[in-house]
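Engineer: whatever this is, show me its structure:
(4 chains)
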2 protein chains.
Amino acid sequence: MAADTAVAFEPRKTPVQARATVTVGAICEATIQVLLSHGADRLTTTRVADRAGVSVGTLYQYYPNKRSLLFAVFEDHMDKVSQAVEVACADACHKPMPEMIRRVVEAFVDVKMQRADISIALYKVAPDVGGPALVKRTGQRLRKAIEAMLLTAPDLKLSPDRFAIDMMLSAMSGAMRSALEAGASPAMFRKVREHLVLLCQSYMAAATTGDD
Amino acid sequence: MAADTAVAFEPRKTPVQARATVTVGAICEATIQVLLSHGADRLTTTRVADRAGVSVGTLYQYYPNKRSLLFAVFEDHMDKVSQAVEVACADACHKPMPEMIRRVVEAFVDVKMQRADISIALYKVAPDVGGPALVKRTGQRLRKAIEAMLLTAPDLKLSPDRFAIDMMLSAMSGAMRSALEAGASPAMFRKVREHLVLLCQSYMAAATTGDD
DNA sequence: ACATTGGATGAAGGATTCTTCAGGTTTGGA
DNA sequence: TCCAAACCTGAAGAATCCTTCATCCAATGT
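Structural biologist: Presented below is the predicted three-dimensional model:
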């Protein structure tokens, strides 16, 4: 059921002139917009091109097919999220564990919220674009960053469990996803953030005590 | 961007004779299979009919369109999950809170795992089929059941917060989703279940103490 | 046995969509 | 100024898909 995850996903050509850079940016932005306004199943290359103010041909000059376009947008978003979390991890080294968790969770929630529209749009295509694979890759990247950070915690009895970190990450994703898809208000997001911090802190505390 | 969530989703006709019941069952099962083997974007009504061993016309006799078919399968699954959790809630009344949480989490994990293939298949179409709406509805249903159960807990200082329950549910969904999409082994699932219990228990304990 | 309602068929109409390519326009350096 | 490379255009080919409907088979009750 898989194996075609890596077929022709690479961009076809990289923009050289400034004009083309603008074009590619417009195409990516238009992809998000069309996804939000028309849904994943009515996302057509022509519609995206129209919205971007270019012709279809132009789109196919940079992306070999529709999936590669979606994949590129998805990959870009995941990369931004990863970077935000990695920065938070670096900043939180040597702090007490609860403080570490707080920073990581807040960084994650904030970066997702700043680009709420993109996050929501991408949930709609992830399945059709090798989503799980990319999500897994990103998960590993985040886990490494968090693992490294936790190793510098002065108040940890047990070494942090890899599995527990994955658990925490997937719980975070789930909570954010449902908040985003429910169209939560800014006030609601603050509450989600607050509770998600509590959730992760208490789980991590429990997971790094008499375990085995 | 919404408003067409309730268009022609109702089944067209309900099977009367036994023969037709079998047919409808085969169509639903075939839908899952095609989803798993071909992906959401290559799920065609003709392919589903072929796999079910009937003609397309038959399919359209029961479902007015493709989306309504997907919706029906989705709705059926969500109903099964809800029932399993509701039963667990009813059984766990008057038990200590940690025990309650344990039962609910285990019920949820187990029912999802029993139908792992269906769960995975449905993740692929949820976005295109009024998924978020159905998920929200199911979430409310589950929250009510859990809320009622928690009210009978003998060891709870604060009345359980609605928001906290939603939080727990979305964290559970997220964790299960990533485990399912990662193709976790049975052994891995046991570990996920165990940790998810711990996560929910520690969060609930924290959320029902000095809060606000 | 027969009429009526339920159930099944599958070719074909109608509508989209993806992707290409031959040819025109713009840019930037020589 | 002039040219080659970079860009852009958009009509049209090729491939799918969704859905319908006229027609035939099966079941049920009288």
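
Engineer: how far does stretch A:57-67 stretch from one end to the other?
Structural biologist: By C-alpha to C-alpha, to the nearest Å, the extent of stretch A:57-67 from end to end equals 16 Å.

Engineer: ok, it near DNA strand C or not?
Structural biologist: Yes - interface with DNA strand C: stretch A:57-67 contributes A:57, A:60, A:64-66 (C-beta under 7 Å from any atom of the strand). For glycine as for every other residue, the C-beta is placed from the backbone atoms N, C-alpha and C.

Engineer: show me what the longest helix that chain A contains is packed up against.
Structural biologist: Longest helix in chain A, counting residues (DSSP state H): helix A:66-91. Under the contact definition 3 or more C-beta pairs under 8 Å, 6 or more residues apart in numbering or on different chains; DSSP states H and E, helix A:66-91 sits against helix A:18-38, helix A:45-52, helix A:97-114, helix A:116-123, helix A:131-150.

Engineer: and with 7 Å instead?
Structural biologist: In terms of contacts (3 or more C-beta pairs under 7 Å, 6 or more residues apart in numbering or on different chains; DSSP states H and E), helix A:66-91 is packed against helix A:18-38, helix A:97-114, helix A:116-123, helix A:131-150.

Engineer: between these, which one is closest to chain B.
Structural biologist: helix A:131-150 (4.5 Å; C-beta to the nearest C-beta).

Engineer: buried sites along the helix or strand that comes right after that closest one?
Structural biologist: Per DSSP states H and E, the first helix or strand lying C-terminal to helix A:131-150 is helix A:162-181. For helix A:162-181, burial by neighbour count (16 or more other C-beta atoms under 10 Å in any protein chain shown) applies to A:164-181.

Engineer: got a list of contacts for the next helix or strand after helix A:162-181?
Structural biologist: Using DSSP H and E, the helix or strand that directly follows helix A:162-181 along the chain is helix A:186-207. For helix A:186-207, the surrounding residues in contact (C-beta atoms under 7 Å, 6 or more residues apart in numbering or on different chains) are A:97-98, A:101-102, A:105-106, A:109, A:113, A:161, A:164, A:168, A:171-172, A:175, A:179, A:184, B:163-164, B:167, B:171, B:198-199, B:202-203, B:206-207.

Engineer: burial measure for the residue of chain A found nearest DNA strand D, as a count.
Structural biologist: Here chain A gets closest to DNA strand D at one residue, A:G57, 1.8 Å apart by C-beta to the nearest atom of the strand. Neighbour count of A:G57, defined by other C-beta atoms under 10 Å in any protein chain shown: 8.

Engineer: quick one: it from A:I27, how far?
Structural biologist: Going from A:G57 to A:I27 by C-beta to C-beta, to the nearest Å gives 12 Å.

Engineer: what's the answer for A:L198, then?
Structural biologist: In this view, A:L198 and A:I27 are 41 Å apart by C-beta to C-beta.

Engineer: likewise A:K80?
Structural biologist: Distance from A:K80 to A:I27, counting by C-beta to C-beta: 18 Å.

Engineer: these two: which has the busier surroundings?
Structural biologist: Comparing A:K80 with A:I27 by other C-beta under 10 Å, the one with more neighbours is A:I27, at 23 against 15.

Engineer: right, and A:L134 touches A:A72 too?
Structural biologist: No - here A:L134 does not reach A:A72: they are 11.0 Å apart, not a contact under C-beta atoms under 7 Å.

Engineer: between those two, what contacts are shared?
Structural biologist: With the criterion set as C-beta under 7 Å, 6+ apart, the contacts of A:L134 and A:A72 do not overlap.

Engineer: can you pull the residues of chain A lying near DNA strand C?
Structural biologist: A:17-19, A:42-46, A:56-57, A:60, A:64-66.

Engineer: now with 6 Å?
Structural biologist: Taking C-beta under 6 Å from any atom of the strand as the measure of proximity, chain A contacts DNA strand C at A:17-19, A:42, A:44-46, A:56-57, A:60, A:65-66.

Engineer: just the buried members of these?
Structural biologist: A:45, A:60, A:66.

Engineer: residues contacting the closest residue to chain B within chain A?
Structural biologist: In chain A, the residue that lies nearest chain B is A:G174 (1.5 Å; C-beta to the nearest C-beta). Counting by C-beta under 7 Å, 6+ apart, A:G174 makes contact with B:170-171, B:173-175, B:177.

Engineer: skipping adjacent residues, who's closest to it in space?
Structural biologist: Closest residue to A:G174 apart from its sequence neighbours, by C-beta to C-beta, 6 or more residues apart in numbering or on different chains: B:G174 at 1.5 Å.
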